[in-house]
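*Asks:* Turn this into a model:
(one chain, ligands or ions: 1)
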Amino acid sequence: MRIVAHSDHAAVAIRLEMIEQAREMGHQVDDLGPAEGERVDYPYAGALVGHKVASGEYDLGLLACGTGVGISMAANKVPGARAVVCSEPYTARLSREHNASNIVSVGARVVGPGEARMIVEAFLAAEPAGGRHAERVEMLKALDDQQLDLQILRAMGPAAQS
Ligand code: RB5
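*Replies:* Sure thing, here's the model as predicted:
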């Protein structure tokens with residue numbers, strides 16, 4: 001798969017571990033940096049990767065910042081980006097299978113290099129499941145397209161499903 005990776009300045013080393021893991025699994029990874037000592041703010045890095053994945057330029061994204069949180073929040077501002085912060089592999093796998101996550105984010109101050117590699121491995125080995133999970137992902141996509149108002153919530157709610 002075509003994968004794009006980016007981080008802020010707080011997570012350079014862990015990003016390189018994530019990239020190495022993905023490459024070892026046979027994926028093509030483009031590294032957007034930064035290099036050690038170079039400053040990149042997480043809102044920019046997250047939104048850029050969100051755009052690159054949501055537009056189809058890349059299949060999946062790898063992100064990292066201090067906690068993994070800020071950069072994933074930025075990515076998730078982009079319609080079509082479904083970024084997940086993970087501190088263990090189970091969430092990485094399930095987020096891919098159930099939520100069709102397309103970007104995984106880790107926190108350099110939260111997980112070590114081995115855990116980060118296992119998270120990436122689980123994320124890349126998993127595939128979105130079909131059936132009811134796919135239907136819910138379609139509901140997520142609908143939220144991308146519209147302002148969330150009460151009408152949309154009602155259409156998604158239990159009454160609409162009975
Ligand atoms: C940068 O110091 C830090 O705030 C950032 O890497 C990240 O943790 C934000 O969510």
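*Asks:* residues from the chain in reach of the ligand?
*Replies:* Contact residues (CB under 6 Å from any ligand atom) of the chain with the ligand: 8, 10, 42, 65-67, 69-70. Bear in mind the C-beta positions are built from the backbone N, C-alpha and C, glycine included.
*Asks:* Point to the residue nearest the middle of this protein.
*Replies:* Central residue of the chain (CA atoms, centre = their mean): residue 103, 1.8 Å from the mean position.
*Asks:* Against residue 158, how distant is that residue?
*Replies:* Taking CB to CB, to the nearest Å as the measure, residue 103 falls 30 Å from residue 158.
*Asks:* same thing with residue 16?
*Replies:* Residue 16 is 46 Å from residue 158, by CB to CB.
*Asks:* between the two, who's got more neighbours?
*Replies:* Each of residue 16 and residue 158 has its neighbours counted (other CB atoms under 10 Å); residue 16 has more, 17 against 7.
*Asks:* How much space separates the residue nearest to the more buried one when sequence neighbours are not counted from the ligand?
*Replies:* Excluding its sequence neighbours, the residue lying closest to residue 16 (CB to CB, 6 or more residues apart in numbering) is residue 31, at 7.9 Å. Relative to the ligand, residue 31 is positioned 17 Å away (CB to the nearest ligand atom, to the nearest Å).
*Asks:* low-confidence ranges in this protein?
*Replies:* Applying pLDDT under 70 to the chain flags residues 146-153, 159-162.
*Asks:* Which helix in it has the most residues?
*Replies:* Scanning the chain for the helix with the most residues, using DSSP state H, yields helix 131-145.
*Asks:* Can I get that one in PDB, CA atoms only?
*Replies:* What follows is helix 131-145, C-alpha atoms only, in PDB (Å, rounded to 0.1, in the frame of the first residue of the first chain):
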ATOM      1  CA  GLY A 131     -21.500  -6.100   6.900                       C
ATOM      2  CA  ARG A 132     -22.800  -4.000   9.800                       C
ATOM      3  CA  HIS A 133     -19.400  -2.400  10.300                       C
ATOM      4  CA  ALA A 134     -19.400  -1.100   6.700                       C
ATOM      5  CA  GLU A 135     -22.900   0.300   7.200                       C
ATOM      6  CA  ARG A 136     -21.700   2.200  10.200                       C
ATOM      7  CA  VAL A 137     -18.700   3.500   8.400                       C
ATOM      8  CA  GLU A 138     -21.100   4.800   5.700                       C
ATOM      9  CA  MET A 139     -22.900   6.700   8.500                       C
ATOM     10  CA  LEU A 140     -19.500   8.200   9.600                       C
ATOM     11  CA  LYS A 141     -19.000   9.200   6.000                       C
ATOM     12  CA  ALA A 142     -22.400  10.900   5.900                       C
ATOM     13  CA  LEU A 143     -21.300  13.000   8.900                       C
ATOM     14  CA  ASP A 144     -18.400  14.200   6.700                       C
ATOM     15  CA  ASP A 145     -20.700  15.600   4.100                       C
END
